[in-house]
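1. structure for the following, please:
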Amino acid sequence: MSPPVAGDARFWSLALLGLGLPVCIALALRVPADAAGHALAAGRFLPGALGLRTGTMLGLDPAGAARLGQGVAIAAFLALGVTALSVAVRGREALFALLGLPSALAAASEPDGLVLGPVLGLTALAAALLTPRPLTGRGRPWRLAGAALAIALAVLARPACAPLAGMLLVPVPPPERLARFGRERLPLAALALLPALLVSPALLGAPAVLGAPAVGGSDPAPTVPLPWPLYGLWAAALLVPPLALRRGPLPPSAERIWLAGCILMGLWLTVLPQALAPAGTARDLQLRDLLPLMPPLVLAFARGRIGTAAALRWPALLPVLAAAVDAVALPLLVLRP
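-> So this is what the prediction gives:
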C-alpha cells in the first residue's frame, strides 16, 4: 500500500530536515571548536565563514563563533537540499538519497568538507530545477536562470564541476526547435562556465580541484566506523528503488549518454590533478569528494510520472528508512564516550 503523502514535496523536505539535522549536529560537535574555527576562517565568503565572522562581531568567544559558523554551514546545506526537493518534479527519492547519505551529511558538517557541502547542495538544486519534462510554462525562465546560477556558484567554488553545465543542454528538443534551443541554452551554459575562467578559486579559500588538500591546513576528521548493517541498508536503499520502480518513461538514451559523459568529465578533472600532485601534498580522495558530480544522474535516470498521482510504492521509501536509522545510530556512535 502506498502512503498518499509520500510523493509530496513537503514529505521529502521535512524528511531531509528532520533526519539530516541530528546527524549534522553530531558530526559537527565531534570536531574541536578550534579546528573548526581555523577551517571556517579559510573559506572567506562561504556560509560557514560568514557565520564565523557574524559570531565574532556579536562578541562571542572563538569557540562560540566557530560553532555558530558550523551551524550556518549546516543550515545552508539543508536549505539548499530542502529547496531542491521542493522544486523537483521527478526523482525526489534519488535526490533525497544523495543528500541524506552519511558522506553527504559529513561533507556539510566537518572541516574537510567546508566547500563540498554547499557545492553538493548547489548541484542538487540545479538538477532539481531542470527535472520537468518538457521544461515549459511560466516557471521555465526562472528554472533555467536558477539552474545556471547554481551551477555557476558551484563552479566558482569547485572548477571541476564545470562539466555539469551540460545539464543546461537537456532535454534536447525536436529538430525544428533546435536553433531556438541553441540560442537560449548555449549562452546560459557559457555563463555557468564563466567563473572557472575569470575567477581564481583562491578567492574562496577553496582548492582548484576536488582532490586538493583540505582548506586551512585542517586534517580530515576521523572517520566514524559504521556498523555493517548500515552499509547494507544504504546499499538496499540505493539499489532497490531503481530496480523495483519501473513505471514511467526514461529520458532518451542520447540524453543519458550525454549526462553520463558530463559526470565522467568531472571525474577526470577531479582525479587528474590528484594523480599529478607530488606525493604528500594532497589528501586521498573520498566518496564525499565525488558526490557533487552525481546530481546529473537524477536527470538521466529518474522516470517521468504517469498521471497526476503523487503516491509512491514502498521501495521509494527505503532511503527514508536508512536515513531514519542513521539519525538514531550515528549520533550515538559519534557522541559516545
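2. longest single helix anywhere in the protein?
-> For the chain, the helix with the greatest residue count under DSSP state H is helix 62-87.
3. pull out the buried positions in that one.
-> By neighbour count on 16 or more other CB atoms under 10 Å, the buried set for helix 62-87 is 62, 65-78, 80-85, 87. Bear in mind the C-beta positions are built from the backbone N, C-alpha and C, glycine included.
4. swap in stretch 262-277?
-> Of the residues in stretch 262-277, those buried by neighbour count under the rule 16+ other CB under 10 Å are 262, 263, 265, 266, 267, 269, 270, 271, 273, 274.
5. stretch 168-187 too?
-> Within stretch 168-187, the residues scored as buried using 16+ other CB under 10 Å are 168, 169, 170, 173, 185.
6. for residue 15, which non-adjacent residue is spatially closest?
-> residue 320 (5.2 Å; CB to CB, 6 or more residues apart in numbering).
7. residues touching the one you found, list them.
-> 15, 19, 96 (CB atoms under 8 Å, 6 or more residues apart in numbering).
8. centroid-nearest residue for the protein?
-> Taking CA atoms, centre = their mean, the centroid of the chain lies closest to residue 120, which sits 2.4 Å from it.
9. list the contacts for that one?
-> Residue 120 makes contact with 77, 98, 99, 104, 107, 108, 291, 292, according to CB under 8 Å, 6+ apart.
10. shaky segments in the stretch 101-250 of the chain?
-> 112-114, 199-225 (pLDDT under 70).
11. sorry, back to before: which element is the residue nearest to residue 15 on?
-> Residue 320 belongs to helix 318-335 when assigned by DSSP states H and E.
12. also residue 18?
-> Going by DSSP H and E, residue 18 is part of helix 9-29.
13. in that helix, what's buried?
-> Of all the residues in helix 9-29, those buried under the rule 16+ other CB under 10 Å are 9, 11-13, 15-16, 19-20, 23-29.
14. now do that helix and helix 318-335, the angle between them.
-> In terms of direction (axes from the mean of the first three to the mean of the last three CA atoms, to 10 degrees), helix 9-29 departs from helix 318-335 by 20 degrees.
15. list the helices and strands helix 9-29 packs on?
-> helix 62-87, helix 92-100, helix 102-109, helix 318-335 (3 or more CB pairs under 8 Å, 6 or more residues apart in numbering; DSSP states H and E).
16. look up how far residue 130 lies from the spatially most distant residue from the centre of the chain.
-> Ranking residues of the chain by C-alpha distance from their mean position (CA atoms, centre = their mean) puts residue 176 at the top, at 35.0 Å. According to CB to CB, to the nearest Å, residue 176 stands 22 Å off from residue 130.
17. again, but for residue 148
-> Relative to residue 130, and taking CB to CB, residue 148 is found at 10 Å.
18. more neighbours, those two?
-> Each of residue 148 and residue 130 has its neighbours counted (other CB atoms under 10 Å); residue 130 has more, 28 against 24.
19. hang on, isn't the more buried one packed against residue 147?
-> Yes - applying CB atoms under 8 Å, one finds residue 130 in contact with residue 147, separated by 5.2 Å.
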